[in-house]
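Novice: no sequence on this one, just coordinates:
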């Protein structure tokens, strides 16, 4: 190990190993952060391709799926429009 008597002992090799791992970890972290940074500015509250539905459209979709009956649909629709209950 010490063929040329360069003065490097076991601690020197351990320090070189730890610093090399830290260096490449920092490089990989920096590249990953740099690649993800432009996408961070374009974040949206809804998934890509999904549109934001109005409350009336959500209510109509629930009625179409059969989650609510016609009477409940009409009551909720009237409540959304601010009409008094019948």
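Specialist: Thanks, I have it. In this text the structure is predicted, and so the values were computed from the model without any measurement. Numbering: from 1, shown residues only.

Novice: And for residue 70, nearest residue in space, chain neighbours not counted?
Specialist: Nearest non-adjacent residue to residue 70, counting by CB to CB, 6 or more residues apart in numbering: residue 63, 7.3 Å away. C-beta here means a position set from N, CA and C on the backbone, and glycine is covered the same way.

Novice: Now residue 56: closest residue in space, sequence neighbours ignored.
Specialist: Using CB to CB, 6+ apart, the nearest residue to residue 56 is residue 80, at 6.2 Å.

Novice: just to revisit the earlier point, and the helix or strand harbouring the residue nearest to residue 70, which residues are buried?
Specialist: Under the criterion DSSP states H and E, the helix or strand holding residue 63 is helix 55-65. Neighbour counts using 16 or more other CB atoms under 10 Å place 59, 63 of helix 55-65 among the buried residues.

Novice: Per-residue pLDDT of the closest residue to residue 59 other than its chain neighbours, please?
Specialist: Taking CB to CB, 6+ apart as the measure, residue 59 lies nearest to residue 76, with 5.5 Å between them; neighbours along the chain are not counted. What the model reports for residue 76 is a pLDDT of 92.
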